[in-house]
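J.: Structure of the sequence below:
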Amino acid sequence: MTPHLATIVLRLAALIFVVASCFPVGILAADAPAAPPAVTVSQPIQRELVERDEFTGQFAAKEYVEIRARVSGYLTEIHFEDGQIVKEGDLLFVIDPRPYEATLAAARAQLAQANAQVDLATQQLSRSAELRKKDFEPASNYDQRVSDLKVAAAATESAKAAIRSAELNVGFTRITAPLTGRISNHQVSVGNLVSGSDSAATPALTTIVSLDPIYFYFDMSEGDYLTYQRATAAGKLDEARDSSPVYVRLTDETEWPRRGLLNFIDNQVDRGAGTIRARYLRKLRFLRNAGTVRADPHRRLGALQRDPHSRRRRRHRSIPQSGDDRQG
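T.: Sure thing, here's the model as predicted:
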C-alpha cells in the first residue's frame, strides 16, 4: 500500500468514528422491533342483578275524621289543646245541654202520662169484659174499651221513642274523639253558636288524623305497572297486591330505613295522566312519654323503593376491573 492510499483510509476511518459519535445508541436502535406489551386477561363473571325502581309520593293518615256537631247550641267548653294527641273517647267539645235536658224531661213526663192512660184503659176494659159476659153492656162499648187500651199502649211506645231521641241529643252535646290520633286546631271558640245537623254541609269544628299505621301514596306509570305484571306472571316477582315489601325514605335522607308493605294497587289507570295509584302501609313504633309522641312523620314527602331483595332479577355478564396479567 502506498503512503498516499494509507493516508486516505486513515482519514475515512476517522470520519466514520466522528459521525457515529454524534448519534446516541438508542436512536440507532429505534428501528429494532419492540418487545410485546403486557396484556390483562380476565374471565367474565355472570351474576344476577336486582332491579330497583324509585317513586315519589306523599304520606297520608289511614284514618281522617272531620268533627261536626249533630245538635245546635252555644259552645260552652273546649277540652283539648290545638295539635295535641287525643285518645278515642276523650271529651273535645261541650254544647250547652240545658235545652235538650228540658226536652228529655218533657219526654219522660209524656211517658208517665201514657203509662197512666194504659192503666186506666186496662181497668176499664176489665170491667167492660165482666159486664159483657153478663150481657149488661153492648158490644160497641166493649170494642171501644179495647181500642182505648191499644191507643194508650201506642202512646207509651211513642213516649219511649221521644225519650231515646232526647237522650241522644243530650249525648250529642258532649262531642268526643272517635279515634286516637292528632287533632287539628279548633275552628269555633267558646261562646259561639254552633249549627248542628246530620248533613255533611255542616261546618267542621276540627279534624283528627290517625298516626299509626300510616299510608304512603304514589303513582307509577303504566309502563312500570305492565313491567311488574309481566314479571309477576313469569314468576320473577311476588304478587304486587299481596303485601309486597317496599322501602321508604324522606327527602332529606340517603338511606332506606323504613320497610313496609305494598297493600293496595288501584283497579284502573288514570286516563289523563297514564298512571296508576298504589299504596304502601307502614306500622310505626312511637316512643310515648307522659302522653307525648316523639315521632310524627305525617304528611311529609318521601320517596319509595321496591324491595331490594325482591325476586325481580336479570342475569348480567361483566368483566372485573382486575385480573391476571399475562404476557401476550
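J.: what stretches of this protein score poorly on pLDDT?
T.: The chain contains residues with pLDDT under 70 at 1-32, 49-51, 236-243, 284-328.
J.: can I see the domain layout of it?
T.: 54-62+211-318, 63-96+176-209, 97-172 (automatic domain parsing).
J.: Let's have those in CSV, adding mean neighbour count and distance to V41.
T.: The C-beta positions use only the backbone N, C-alpha and C, and glycine is treated the same way. Output for the domains of the chain, formatted as CSV (neighbours: other C-beta atoms under 10 Å; distance: least, C-beta to C-beta, whole Å):
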stretch, mean neighbour count, distance to V41
domain 54-62+211-318, 15, 15
domain 63-96+176-209, 15, 63
domain 97-172, 15, 85
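J.: Dump those to JSON lines, plus distance to P37.
T.: Listed next are these as JSON lines, based on distance: least, C-beta to C-beta, whole Å:
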{"stretch": "domain 54-62+211-318", "distance to P37": "24"}
{"stretch": "domain 63-96+176-209", "distance to P37": "69"}
{"stretch": "domain 97-172", "distance to P37": "92"}
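J.: Would you map the helices across this structure?
T.: Here the chain has its helices, by DSSP state H, at 3-21, 25-28, 98-133, 139-172, 222-233.
J.: Stretch 198-211 spans what distance, first to last residue?
T.: With C-alpha to C-alpha, to the nearest Å as the measure, the first residue of stretch 198-211 is 27 Å from its last.
J.: switch to numbering from 30
T.: Sounds good: first residue 30 from here, last item stretch 227-240.
J.: which ones are touching V238?
T.: 90, 92-94, 210-211, 213, 327 (C-beta atoms under 8 Å, 6 or more residues apart in numbering).
J.: ok, so of those residues, who is nearest V175?
T.: Nearest to V175 among the contacts of V238: V94, at 51.6 Å, using C-beta to C-beta.
J.: Test of understanding: give the bridge partners of that closest one.
T.: On the basis of DSSP bridges, V94 is bridged to I237.
J.: And the contacts of stretch 247-256?
T.: By C-beta under 8 Å, 6+ apart, stretch 247-256 touches 82, 84-87, 294, 298-299, 302-307, 309, 333.
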